[in-house]
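**Q** Using only what follows, build the 3D model:
(one chain, ligands or ions: 2)
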Amino acid sequence: MVLLAKAPKASEIDWSALGFDYLDLPYRYIAHYKDGQWDQGELTEDSTLHISEGSTALHYGQADFEGLKAYRTKDGEIQLFRPDQNAKRMQRSCARLLMPALSEAQFLSALKSVVKANADYVPPYGTGGTLYLRPLMIGVGGNIGVHPAQEYIFTVFAMPVGAYYKGGVTPTNFTTSYYDRAAPHGTGQNKVGGNYGGSLLPGDEAHKAGFSDVIYLDPATHTKIEEAGSANFFGITKDNEFVTPKSDSILPSITKFSLLYLAEHNLGLKPIEGDVYIDKLDRFTEAGAMGTAAVIAPIGGIEYQDHLHVFYSETEVGPVTQKLYNTLTGIQFGDVKAPEGWIQKVDLD
Ligand code: PLP
Ligand code: COI
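**A** Ligands and ions are numbered 1, 2, ... in the order given. As a prediction, the model looks like this:
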């Protein structure tokens, strides 16, 4: 049996060298659904899930997840950014896959208990690191027909992370793909495992060609930008518009909705959700990818039909993207006043 190495002591971690890698932290939360109800769940040190070979998550993709972060503020407190939105999105993913939704209260309490139990692993303020939280729900038990499971596991595990895309706030290039991420009336708007399985091959092809990620085009016509493999897309126009695609097959990004609000209220930009044609990229002076893991990752250029369209610069972040980044991360780390209800503190006592 292969034993996975436990995370080093928090005091031994070089916070400024963190990437986006799995680490087996001391504690995670686990709850079980059986006979029509969720139990109250508990913290456990066991990082291995013990499940039946007939689990629907393994065969039929009955699995959904979330991603959010805990941030260390200047005064040493720890806070979460809009976790209620993750709870609600997971409930929608559960509805789509016929899985039993967890109450928002249990979801939030699970998150906070995992952060509190692993508090030493929330990177210090100023390092840029955060504690990434991964809520996950899977269908389990003995099944073989294509039907929803009778039993489920919900878990939340965590790990300290740095930049998701290697450049961080330095621009990197993205490419388009022949492949689609999601079907027009499929599961693209839900955070379900199956969407990501299909993105591994195009993602690998993009990485091997030196790009950070794929920018998927709309599955019906391949003329409009949908989103990146792990983040939504935005562009800034010379008329001070913040533009992001509107589509039923992209993930409704919490970062995206936050930036639509902040672009308007903090930066005075006009927020627009609409069509973004891949052959009309000239309208943008800057562009970026946005998401929990990606934060705001400036896009240097997008390759489409063997041509690299460069936005602001391949080496420097544009001024509007930088302001958006400062505002968003300022709120997340507690340095900029947050709109009402966006921040939830984790009680460490
Ligand atoms: N799009 C995809 C495909 C993602 O995996 C993510 C990550 O969660 C996002 C967008 C960004 O969503 P959010 O801002 O809610 O993290
Ligand atoms: C996130 O940003 O939380 C994601 O889930 C993106 C990726 C790691 C799947």
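**Q** confidence score at the nearest residue to residue 129 once chain neighbours are set aside?
**A** Spatial nearest neighbour of residue 129, excluding adjacent residues (CB to CB, 6 or more residues apart in numbering): residue 123 at 2.9 Å. Glycine gets a C-beta too; all of them are placed from N, C-alpha and C. We have a pLDDT of 98 for residue 123.
**Q** Give me the number of neighbouring residues for whichever residue of the stretch 51-200 of the chain sits closest to ligand 2.
**A** Sorted by distance to ligand 2 under CB to the nearest ligand atom, the residues of the stretch 51-200 of the chain start with residue 67, at 2.0 Å. Other residues lying near residue 67 total 17 when counted by other CB atoms under 10 Å.
**Q** Same check on residue 126?
**A** The number of residues packed near residue 126 is 11, by other CB under 10 Å.
**Q** Just the pLDDT for residue 67.
**A** Residue-level confidence at residue 67 comes out at 98, pLDDT.
**Q** leaving aside the residues next to it on the chain, what's closest to it?
**A** Of all residues beyond its chain neighbours, the one nearest residue 67 is residue 292 (4.8 Å), with distances taken as CB to CB, 6+ apart.
**Q** isn't the residue of the stretch 51-200 of the chain closest to ligand 2 right next to residue 130, touching?
**A** No. Counting by CB atoms under 8 Å, residue 130 is not a contact partner of residue 67; they are 11.2 Å apart.
**Q** for the residue of the stretch 51-200 of the chain closest to ligand 2, what are its contacts?
**A** For residue 67, the contact set (CB atoms under 8 Å, 6 or more residues apart in numbering) comprises 86, 132, 133, 134, 191, 291, 292, 293.
**Q** distance between the helix or strand the third one falls within and the chain's centre?
**A** What it means is residue 133. For residue 133, the element it lies in under DSSP states H and E is strand 130-140. On the basis of CA atoms, centre = their mean, to the nearest Å, the separation between the geometric centre of strand 130-140 and that of its chain is 11 Å.
**Q** Give the other helices and strands that that strand contacts.
**A** With contacts taken as 3 or more CB pairs under 8 Å, 6 or more residues apart in numbering; DSSP states H and E, strand 130-140 sits against helix 56-60, strand 63-65, strand 68-72, helix 83-96, helix 104-117, strand 151-161.
**Q** Reformat the ones you listed as TSV; add distance to ligand 1.
**A** Listed next are those as TSV, based on distance: least, CB to the nearest ligand atom, whole Å:
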stretch	distance to ligand 1
helix 56-60	18
strand 63-65	9
strand 68-72	7
helix 83-96	7
helix 104-117	14
strand 151-161	13
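**Q** Make TSV out of these and add mean neighbour count.
**A** Compiled in TSV, the helices and strands packed on strand 130-140 are given as follows (neighbours: other CB atoms under 10 Å):
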stretch	mean neighbour count
helix 56-60	19
strand 63-65	24
strand 68-72	23
helix 83-96	19
helix 104-117	19
strand 151-161	22
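**Q** quick one, which of those is nearest to residue 325?
**A** Ranking these by distance to residue 325, with CB to CB as the measure, places strand 68-72 first at 14.4 Å.
**Q** name the helices or strands packed onto that closest one?
**A** If contacts are counted by 3+ CB pairs under 8 Å, 6+ apart, strand 68-72 sits against strand 78-81, strand 130-140.
**Q** Redo those as CSV? Include mean pLDDT.
**A** Output for the helices and strands packed on strand 68-72, formatted as CSV (pLDDT from 0 to 100):
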stretch, mean pLDDT
strand 78-81, 98
strand 130-140, 98
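**Q** Out of these, which is closest to residue 236?
**A** Closest approach to residue 236 among the helices and strands packed on strand 68-72 is made by strand 78-81 (22.5 Å; CB to CB).
**Q** so what secondary structure elements neighbour the closest one?
**A** For strand 78-81, the elements it packs on are strand 68-72, helix 104-117, helix 319-332, strand 343-345, judged by 3+ CB pairs under 8 Å, 6+ apart.
**Q** anything in it near ligand 1?
**A** No. On the criterion CB under 6 Å from any ligand atom, strand 78-81 is out of touch with ligand 1, staying 9.6 Å away.
**Q** okay, and for the chain, where does confidence drop off?
**A** For the chain, residues meeting the criterion pLDDT under 70 lie at 1-5.
**Q** Which positions in it make contact with ligand 2?
**A** Residues of the chain found near ligand 2 (CB under 6 Å from any ligand atom) are 67, 230, 291, 292, 293.
**Q** One more pass at 8 Å, please.
**A** Counting by CB under 8 Å from any ligand atom, the positions of the chain adjacent to ligand 2 are 20, 65-69, 132, 134, 164, 191, 196, 229-231, 255, 291-294.
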